[in-house]
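Student: Quick one, what's the 3D model for this:
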Amino acid sequence: MLYSIQTQSLKPEDGTTILNKQRLQRPSSPHFTIYEPQLTWVGSIFNRITGVGLGFLLYGFSLAYLVAPGTFDSAHVIEFVNGLPDAVKYTGKFILALPFSFHSWNGIRHLLWDSGKFLTVTGAYSTGYAVLGATAISMLVLMFQ
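Tutor: Here you go, the predicted structure:
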């Protein structure tokens, strides 16, 4: 029995169009919006966000200092901050202290995991709550110094 297969020539952009149509037909995998938030993945996401934020802050201030060293030296920054209202100072301290504290304590948590400790579900949750508690305490200490 002979089968006849018919083909047709396509332009390269036609292949992309067909592929995009096929992708629209595919079922999507479950998204994190359907899952109940868990301490482990919320902590992981927040750790990434704080790391990126602190990195941008460090590089941004460093570049600003390189571009205008007379404006961003310690004396001018301290003078500027002293002139701000207390509410603005404490808000700024909160904005800086929270990600710094969390990222530091969570980094210690990850070092413990790297050493093979607290790798059970119970260990992950107990260290997660310890990180949250240590973050709250150290953030308040940093804010009110």
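
Student: Report the separation between the residue nearest the centre of the chain and residue 102.
Tutor: Closest residue to the average C-alpha location of the chain: residue 49 at 1.5 Å, with C-alpha atoms, centre = their mean. For residue 49, the distance to residue 102 equals 9 Å [C-beta to C-beta, to the nearest Å]. The way it works is simple: take the backbone N, C-alpha and C, and place the C-beta from them, glycine included.

Student: pLDDT score for the residue nearest to the centre of the chain?
Tutor: The per-residue pLDDT reported for residue 49 equals 96.

Student: same check, this time on residue 5
Tutor: 84.

Student: if I pick the closest residue to residue 64 other than its chain neighbours, what's in contact with it?
Tutor: Nearest non-adjacent residue to residue 64, counting by C-beta to C-beta, 6 or more residues apart in numbering: residue 72, 4.9 Å away. Residue 72 is in contact with 61, 64, 65, counting by C-beta atoms under 8 Å, 6 or more residues apart in numbering.

Student: Near the last one, how many residues? Count them for me, please.
Tutor: By the other C-beta atoms under 10 Å criterion, the neighbourhood of residue 65 contains 15 residues.

Student: Mind telling me what element it is part of?
Tutor: Element membership of residue 65, judged by DSSP states H and E, is helix 39-67.

Student: Which elements pack onto the next helix or strand after that helix?
Tutor: Moving toward the C-terminus from helix 39-67, the next helix or strand (DSSP H and E) is helix 74-82. Helices and strands touching helix 74-82, by 3 or more C-beta pairs under 8 Å, 6 or more residues apart in numbering; DSSP states H and E: there are none.

Student: Would you indicate which residues of stretch 104-119 are buried?
Tutor: 104, 105, 106, 109, 118 (16 or more other C-beta atoms under 10 Å).
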